[in-house]
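Q: I need the structure of the sequence given here:
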Amino acid sequence: MMSPPSKSSPIPGAQGSEAVRLGRPPTIDDVAALAGVGRATVSRALNDQAHVSERMRDRVMRAVEALDYRVNPQARNLATRTSKTLTLINCNSRDAPPNSHYFAAIELGALRAAAAAGFELQTLILHIEDEDRDDRLLELFTSGRAAGLILSPPLSADAALARRLIAQGCPVVCISPSEEARTLLPSVSFDEEAAGYEITRHVIAAGHRRFGYMLGIEAHPAAERRHTGFLRALAEAGIGMDTVTALRGDFSFKSGVELAEALLDRPDRPTAIVCANDDMAVGTMFAAQRMGLALPRDLTVVGFDDAPVTGYIWPPLTTIHQPIGQMATRAVERLVETLLRGHGTETPSFDSVAHHLVLRDSVAPPRE
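A: A predicted model of the protein is given here:
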């Protein structure tokens, strides 16, 4: 057992409240500096290990008390190598097919970064409808089974969940968060609105003035920002909303087929359909060709993601290259940086990675 610190012999030079002076949560390095010992000595004293004299242990514990330092269980696990596992959380609706390209690209990017840093990566798939979803996430951390979490959409948009994780001191990094979650936790994304604007400008430049738009699920703010960029491009071109029919899908190929049939079975059918992801765009192309339309002569279609299939279908799909793997890699790097610093949540900051427009053959001037 560790001896309690002696309050009658304060550390020389330590005056007033050291915790207040720091203005941030103290770290093990702060304890070492105040105690005038090495970091390793502090670690041995806190873990009640041998080879630490009672005098030195007492000095460390008085520094701990002066700083009001709280040992981070995850940092201790890292130091003793009992937990070097990061958990990537994917979440979708129970009834919706998964976006296989998106999930696979995130997992591969995260796995490579974790391995390079000497960590293991596990993946947990949750469903939006699960009532115990948030509790299961918290239990991963509090039980010591995960040193930190990477949240992908739509969980990365959940500000209430972010606050619960912060309250527990859980290290978390978000991929493509909502605006509110971005102010709470460190995050990585790209400019979704600019990307939606850019691809819509390309379609407008081809001469299109009558549009269909396929939205993603409502719980996906990043996809909503793509739609905002689409609307901004139309407004700048002086194209009224009466020329646009927007329908909501779930990012799946099936919903792309169903929504395309609804859009194209209209007397004023659109000459161009802009889709919030590639799976719905490929479903749109399938439905259009099944209805006897020639692409891109009779219908322009564009997507979002740059999934591998988009370069091999006919016509090859014009889309936005979303840097999914790069975002996951950077998210893991941010999380590892936080863990190695020895404290849980960090000041929110935002990393942006670059996207680009991929020009292929699915865009042509309208036939009429």
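
Q: Flag the shaky bits of this protein, pLDDT-wise.
A: Applying pLDDT under 70 to the chain flags residues 1-23, 47-51, 71-83, 97-99, 343-347, 368.

Q: okay, now the domains of it?
A: The chain resolves into domains spanning 18-71, 83-189+325-353, 192-322 when parsed by automatic domain parsing.

Q: I'd like those domains laid out as a markdown table, including mean neighbour count and distance to Arg360.
A: C-beta here means a position set from N, CA and C on the backbone, and glycine is covered the same way. Formatted as a markdown table, the domains of the chain follow (neighbours: other C-beta atoms under 10 Å; distance: least, C-beta to C-beta, whole Å):
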| stretch | mean neighbour count | distance to Arg360 |
| --- | --- | --- |
| domain 18-71 | 17 | 50 |
| domain 83-189+325-353 | 19 | 16 |
| domain 192-322 | 20 | 4 |
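
Q: How much space separates Gly144 from Thr87?
A: For Gly144, the distance to Thr87 equals 12 Å [C-beta to C-beta, to the nearest Å].

Q: just Gln326 next, same as before
A: Distance from Gln326 to Thr87, by C-beta to C-beta: 20 Å.

Q: Run through the helices of the stretch 101-250 of the chain in chain order.
A: Under the criterion DSSP state H, counting those that start in this stretch, the stretch 101-250 of the chain contains helices at 133-142, 159-167, 179-182, 192-205, 221-236.

Q: Is Ala195 in contact with Pro323, as I believe?
A: No: with contact defined as C-beta atoms under 8 Å, Ala195 does not reach Pro323; the gap is 10.3 Å.

Q: any common contacting residues for the two?
A: Residues touching both Ala195 and Pro323 (C-beta atoms under 8 Å, 6 or more residues apart in numbering): His355.

Q: Strands of the protein, start to end?
A: Counting by DSSP state E, the chain has these strands, from start to end: 85-92, 120-127, 148-151, 172-175, 187-189, 211-215, 244-248, 272-275, 300-302, 319-321, 350-352, 356-358.

Q: Make a markdown table out of the ones you listed and add distance to Asp135.
A: Shown next, in a markdown table, are the strands of the chain (distance: least, C-beta to C-beta, whole Å):
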| stretch | distance to Asp135 |
| --- | --- |
| strand 85-92 | 13 |
| strand 120-127 | 11 |
| strand 148-151 | 14 |
| strand 172-175 | 15 |
| strand 187-189 | 23 |
| strand 211-215 | 30 |
| strand 244-248 | 29 |
| strand 272-275 | 35 |
| strand 300-302 | 40 |
| strand 319-321 | 36 |
| strand 350-352 | 28 |
| strand 356-358 | 40 |
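
Q: Looking at these, spot the one closest to Arg55.
A: strand 148-151 (36.1 Å; C-beta to C-beta).

Q: The closest one pairs with which strands, and in what direction?
A: strand 85-92 (parallel), strand 172-175 (parallel) (DSSP bridges).

Q: distance between the longest one and the chain's centre?
A: The one in question is strand 85-92. 10 Å (C-alpha atoms, centre = their mean, to the nearest Å).

Q: Then stretch 266-275?
A: 32 Å.

Q: quick one: terminal-to-terminal distance for that stretch?
A: Length of stretch 266-275, first residue to last, C-alpha to C-alpha, to the nearest Å: 18 Å.

Q: how close does the closest residue to Leu231 other than its chain neighbours get to Pro221?
A: Closest residue to Leu231 apart from its sequence neighbours, by C-beta to C-beta, 6 or more residues apart in numbering: Met241 at 7.9 Å. Note on Met241: its distance to Pro221, by C-beta to C-beta, is 21 Å.

Q: now Val64
A: In terms of C-beta to C-beta, Val64 sits 42 Å off from Pro221.

Q: do the same with Glu139
A: 26 Å.

Q: contacting residues for the spatially most central residue of the chain?
A: Against the mean C-alpha coordinate of the chain, by C-alpha atoms, centre = their mean, the closest residue is Ile175 at 1.0 Å. Shown in contact with Ile175 (C-beta under 8 Å, 6+ apart): 106, 150-153, 156, 187-189, 327-328, 331.

Q: how much space between it and Ala222?
A: For Ile175, the distance to Ala222 - C-beta to C-beta - is 9 Å.

Q: shared neighbours of those two, anything?
A: By C-beta under 8 Å, 6+ apart, the residues touching both Ile175 and Ala222 are 153, 189.

Q: My read is that Arg145 contacts Glu120, right?
A: No: Arg145 lies out of contact with Glu120 (C-beta under 8 Å); the separation is 11.1 Å.

Q: Quick check: neighbours shared by those two?
A: By C-beta under 8 Å, 6+ apart, the residues touching both Arg145 and Glu120 are Thr85.

Q: related to what we said a few turns ago, out of the domains of the chain, the one nearest Ser362 is which?
A: Nearest to Ser362, of these and by C-beta to C-beta, is domain 192-322 at 4.8 Å.

Q: end to end, how far does the closest one reach?
A: End to end - C-alpha to C-alpha - domain 192-322 spans 9 Å.

Q: Ok, stretch 112-124 next?
A: Span of stretch 112-124 from end to end, C-alpha to C-alpha: 17 Å.

Q: ok, now stretch 200-217?
A: 20 Å.

Q: heads up, I number from 32, so please use that
A: From this message on, residue numbering opens at 32, which makes the last subject stretch 231-248.

Q: Quick one: distance of that stretch to the chain centre.
A: 27 Å.

Q: again with stretch 311-328
A: Using C-alpha atoms, centre = their mean, the offset of stretch 311-328 from its chain centre is 32 Å.

Q: for stretch 181-189, same thing?
A: Using C-alpha atoms, centre = their mean, the offset of stretch 181-189 from its chain centre is 6 Å.

Q: Residues contacting it, please?
A: So stretch 181-189 is contacted by 117-122, 134, 137, 141, 157, 159, 165, 168, 192, 203-209, 212, 218, 248, 250-254, 359, 362-363, 366 (C-beta under 8 Å, 6+ apart).
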